[in-house]
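Visitor: Sequence below, structure please.
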Amino acid sequence: MPIEQLTILAPGLIGGSVARSARARGAAGRIVIWARRLETRRAVAEAKLGDATAETPEEAVQGADFVVIAAPVDAIVPLTRQIAPHLKPGAIVTDVGSVKAEITREGHAALAGKGAHFVGAHPMAGSEKTGWEYGNSGLFTGRTCFVTPGKQTDKKALKAVAGFWSGLGANVVTVDPEAHDRIVAHISHLPQVVASALCAFLSTRDPGWRDFGGAGLRDTTRIAASDPYLWRTILEQNRTEVLKALGGLRAELEGFESALQRCDWPAVTKHLERGSIYRRGLH
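Guide: Numbers count the residues shown, from 1 in each chain. Below is the predicted model:
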């Protein structure tokens, strides 16, 4: 059954795509949107991204059955606390943050005793672009969406959140928040750090070299163009797991460097082969 009122708070690329996808798929009867900046609220209203645009988060969640908080990770819990007294009984709150342990724990605590439910989620979709205007209705189609219940998560709310993301075309995977953070530290956060570090290193070399780069450089470093502040907040919240992932990568690089120094070409080839096999397995 479609949601009677879907409220989206702080839409960027993901929130804008949620609104467009929910509209295209008939997932909600009414969509209400709140954005922090006045100019964004005006632009969202003019573009008719939703059926109504609210001036405050409290106003936006009035009567909402389902709330998606699409803010940066450091704003998700504060927003949850802010709207908690204004949610109707039975309302479900989810998010799109790429770190889940702290958000899931604090989100649940914020709604405890309020008659509403928090269920963490993280759609593995996006790009280096961040604005709501870049959203599209097909962004989640065929993409993984993690749903991360805690020990106290309401089972009906969990089912509703999984069904919501599935209804937007995502492939839902349910894992505990700590496992999620360990996984994404390796497959999402580490690639971002590597791309950013590579570009930061290249920026210390002759600027003219950049003009000679081909598709390999562009493909390898595309995500380095992402919002630095957004990624700083993600790395702050998943620092421990990212450091573990960096340690593993460092060991791999040291092994590769050692083989290259020794002119151990069979060992160099094995490193390259393992990388090639993994890459070919990506869909």
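Visitor: any idea of the pLDDT on the residue sitting nearest the centre point of the chain?
Guide: The residue lying closest to the centre of the chain (CA atoms, centre = their mean) is S98, at 4.0 Å. For S98, the pLDDT comes out at 95.
Visitor: Repeat that for the one 4 residues further on.
Guide: Here the pLDDT value assigned to E102 is 95.
Visitor: Which strand or helix spans it?
Guide: helix 101-111 (DSSP states H and E).
Visitor: List the strands paired with the helix or strand following that helix, with their directions.
Guide: The first helix or strand that comes after helix 101-111 along the chain, using DSSP H and E, is strand 117-123. If you go by DSSP bridges, strand 117-123 pairs up with strand 92-95 (parallel), strand 144-148 (antiparallel).
Visitor: orientation of strand 117-123 relative to helix 101-111 in degrees?
Guide: Angle of strand 117-123 versus helix 101-111, following axes from the mean of the first three to the mean of the last three CA atoms, to 10 degrees, is 150 degrees.
Visitor: Pull the distance from strand 117-123 to the chain's centre.
Guide: Centroid separation for strand 117-123 versus its chain: 11 Å, with CA atoms, centre = their mean, to the nearest Å.
Visitor: same check, this time on stretch 88-96
Guide: So, by CA atoms, centre = their mean, the centroid of stretch 88-96 is 18 Å from its chain's centroid.
Visitor: ditto for stretch 248-263
Guide: Put simply, stretch 248-263 sits 32 Å off its chain's centre (CA atoms, centre = their mean).
Visitor: where are the low-confidence patches of this structure?
Guide: Along the chain, segments meeting pLDDT under 70 span 1.
Visitor: Going along the chain, name the strands of it.
Guide: In the chain, the strands defined using DSSP state E lie at 3-9, 28-34, 52-53, 66-69, 92-95, 117-123, 144-148, 171-174.
Visitor: ok, residues contacting the fifth one?
Guide: With CB atoms under 8 Å, 6 or more residues apart in numbering as the test, strand 92-95 has contacts from 65-71, 76, 80, 83, 87, 103, 107, 111, 116-122, 157, 160-161, 164. In this view, the C-beta of every residue, glycine as well, is placed from N, C-alpha and C.
Visitor: which residue packs closest to S166, ignoring adjacent ones?
Guide: V172 (5.1 Å; CB to CB, 6 or more residues apart in numbering).
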